[in-house]
Every structure is written in structure tokens, then in C-alpha cells.
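Peer 1: Predicted model follows, preceded by the sequence.
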Amino acid sequence: MNLKGRNFLKLLDFTSEEITYLIDLSAELKQKKKQGIFHEELKGKNIALIFEKTSTRTRCSFEVAAHDLGMHVTYLDPSGSQIGKKESIKDTARVLGRMFDGIEYRGFGQGIVEELAKYAGVPVWNGLTNEFHPTQMIADMLTIKEKLRRLQGVKFVYMGDARYNMGNSLMVTCAKLGMDFVACTSKTYFPEQKLVDTCRKIASETGASITLTENVEEGTKNADVIYTDVWVSMGEPEEAWEERIRELMPYQVNKKVMDNAGETAIFMHCLPSFHNLETAIGRQVYEKFGLTQIEVTDEVFESSQSVVFDEAENRMHSIKAIMYATLK
Ligand code: CP
Ligand code: NVA
């Protein structure tokens, strides 16, 4: 398998075999790290991290993974660079491409990261856009493989806002890997029909299936994985909370949902999550709407079925694999 020089912008650009290779490489690099085997195989290389939205996991994963591989990192936050305000993406790409061996970009429209990749001349990794969050996918599939020992045929249920980066990416990934993807949410929040059609076409070749349903009981019955994400994403207006709470509350992940899925089901979330009142936004929502927990109850989040911190750890191992595969 040779992915050297490739961009990592969305999983639609990769074959099932390439995705599986990245998942397995992540497991291999994770084992190396746990065994204390040094793997500074990209010593002397330099990468740039551009973040136009905030991050804890993605930024830390890129930095730790780069250091483990022997690379140097430059972090650019939007206020500290010329990007967008004084310099176009096209020009920025051509400048950074002269200095760095790889560039991570987190921001708004997918078109921006695609443009960056078009002109950089070095691998560009998508650290999250409005449409896709591909590095998260490798970590999520690694986590499922670790917990359930398989991916093919897994019933994967996504609840909440399924038309944004997480819902889109998970539907594509499940289609590519022969999984049974269910978007269980209100109709308004189903993924865009064009992407659904694309995924159904992929599914017809991999043995996957794509189901969209508003019925929680049917949708979550015997699920292997229940997944959710925040109902209002970064960059969306604060006013969106009211309609999201009204429309998505029936799709909150709670004990009833987990019981309906069954005791072997696992709960996943890309994080960060509003499952208690220990965040500023969580408290604001409480003051306005009286809710103490939002997309998932604290009970489920803290339960033994929840694998969210293994999933978060796997971000680092999988981002390392993505950088290694595209740079080595
Ligand atoms: N899951 C995820 O991307 O987390 P951050 O926003 O903290 O990077
Ligand atoms: N949908 C979320 C994902 C965060 C990792 C957002 O875009 O804010």
C-alpha cells in the first residue's frame, strides 16, 4: 500500500482497502508506543497546523504524533496569521508548501481545504470542515475494531444532527467498510440526498446499508454502536440552540436508547460533549432552557458502555498513521 504524497481531505477519496490499511497502521503504531518502541521515522520533517476553529483533541493529536515521529510543528491560529484577511488560501498554500512537508487545516467550507491542497504541493490533512471530519473516522473505526473485533456488518446508529461533518463522514465510512449505517433523527437532520445516493452506490459494492429513520425504537434496536455529537456545531449561530433542542430532544442518547440497543452496544462521541453543567455553554443552555444534559445523558456518558476516552486517545494514534502513510 503506498499513500505517499496523498492528501487526506475526505474518505470518499479513498478505497476500502486504503481505509482499512490506515486503521491497521494506527493499531500498529499504538502498540509500538505502548511498548516504548521509538519510531522517529520522519525526523527532520516540518509540519504546519492551521486552526480557524478551536480544538483540543485534533491539535494535541497532531502535535504529539508529530513529535513521536521526530517532526517539528508550527501552529497557526487565525488571529496570528495573514490567512483569509490579507492573503488568499491559494497564496498561503504556495508559501507554506515551500517550507513545510505537510499541512493540517481545520476550518469552514470543504472548498477551502480542497483549494489549499490543490496549490500546496505537499500533503494536506483535513482536521475538520463543516462537511467532513476524516481523521476522526480512522480513530472511530479503530475503536470499534478494538471493542467489537469487526467492522463488516456492524449496526452503527448515528443520532442527532446527521447532516453536518460527523453524520456525513460516518455515513461515508460505514458505506466504504460494509457496515449498516442508520441515521436516526428528525427528517430535517438527515444527510443531504446527494451524499446519501453516493453512499448507497458504494454500499451496493461493499455489502453496507444506509437507513434513514425517525423511529427511535426501530432505529436503535440491537445496535452495536450508538453515536452522537453536539447539536450545534462550531461556527453555527447561538440562536440555533432553541430549534435544535426542540427538534432533536427525542433523539437524545439516554438509558432507554442504550437498553433498546442491548447490553453489548457501545456508546461513542467525537467530543467535546454537553452531558453535564460543567461547561460554560452547558450552563447557558441550562439557564435558557432548563436542560442539565443535552445530546447524551450523563448516565450514559459515564457508563461502562461508553468508550469515548479510548476513542479520544485513538485520535493521536490514527493521526500519526495518516501522517506517516502520506509522508514516509
Ligand atoms: N473530536 C474533535 O475533533 O475534538 P477537538 O475539536 O477537540 O479537536
Ligand atoms: N460537529 C462538531 C464536531 C466537533 C469535533 C463541530 O463541528 O463542532
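Peer 2: That came through, no problem. Ligands and ions are numbered 1, 2, ... in the order given.

Peer 1: The residue nearest the centre of the chain: which element?
Peer 2: Nearest to the mean C-alpha position of the chain, by CA atoms, centre = their mean, lies Gln136 at 2.9 Å. Taking DSSP states H and E as the criterion, Gln136 maps to helix 134-148.

Peer 1: tell me what that helix is packed against?
Peer 2: Applying 3 or more CB pairs under 8 Å, 6 or more residues apart in numbering; DSSP states H and E, we find helix 134-148 packed against helix 16-34, strand 124-126, helix 165-176, strand 225-228, strand 266-269, helix 308-327. Where you see a C-beta, it was placed from the backbone N, CA and C, and this is true even at glycine.

Peer 1: which of the residues in it are buried?
Peer 2: 134-145, 147 (16 or more other CB atoms under 10 Å).

Peer 1: Any chance of the helices and strands packed on helix 134-148 in JSON lines with mean pLDDT, mean neighbour count and distance to ligand 1 as columns?
Peer 2: Below are the helices and strands packed on helix 134-148 laid out as JSON lines (pLDDT from 0 to 100; neighbours: other CB atoms under 10 Å; distance: least, CB to the nearest ligand atom, whole Å):
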{"stretch": "helix 16-34", "mean pLDDT": "98", "mean neighbour count": "18", "distance to ligand 1": "15"}
{"stretch": "strand 124-126", "mean pLDDT": "99", "mean neighbour count": "27", "distance to ligand 1": "11"}
{"stretch": "helix 165-176", "mean pLDDT": "98", "mean neighbour count": "27", "distance to ligand 1": "9"}
{"stretch": "strand 225-228", "mean pLDDT": "99", "mean neighbour count": "28", "distance to ligand 1": "12"}
{"stretch": "strand 266-269", "mean pLDDT": "99", "mean neighbour count": "24", "distance to ligand 1": "9"}
{"stretch": "helix 308-327", "mean pLDDT": "99", "mean neighbour count": "23", "distance to ligand 1": "7"}
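
Peer 1: Please convert those to JSON lines, extending it with distance to Ile245.
Peer 2: Putting the helices and strands packed on helix 134-148 into JSON lines (distance: least, CB to CB, whole Å) gives the following:
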{"stretch": "helix 16-34", "distance to Ile245": "35"}
{"stretch": "strand 124-126", "distance to Ile245": "29"}
{"stretch": "helix 165-176", "distance to Ile245": "18"}
{"stretch": "strand 225-228", "distance to Ile245": "14"}
{"stretch": "strand 266-269", "distance to Ile245": "18"}
{"stretch": "helix 308-327", "distance to Ile245": "22"}
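
Peer 1: Tell me which of these sits nearest to ligand 2.
Peer 2: helix 165-176 (5.0 Å; CB to the nearest ligand atom).

Peer 1: could I have the closest one exported to PDB, CA atoms only?
Peer 2: Extracted in PDB, the C-alpha atoms of helix 165-176 (Å, rounded to 0.1, in the frame of the first residue of the first chain):
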ATOM      1  CA  ASN A 165     -19.400  16.900   9.400                       C
ATOM      2  CA  MET A 166     -19.800  13.900  11.700                       C
ATOM      3  CA  GLY A 167     -23.000  12.400  10.200                       C
ATOM      4  CA  ASN A 168     -21.700  12.900   6.700                       C
ATOM      5  CA  SER A 169     -18.300  11.400   7.400                       C
ATOM      6  CA  LEU A 170     -19.600   8.400   9.400                       C
ATOM      7  CA  MET A 171     -22.100   7.600   6.700                       C
ATOM      8  CA  VAL A 172     -19.400   7.600   4.000                       C
ATOM      9  CA  THR A 173     -17.100   5.500   6.300                       C
ATOM     10  CA  CYS A 174     -19.700   2.900   7.100                       C
ATOM     11  CA  ALA A 175     -20.600   2.600   3.400                       C
ATOM     12  CA  LYS A 176     -16.900   2.100   2.500                       C
END
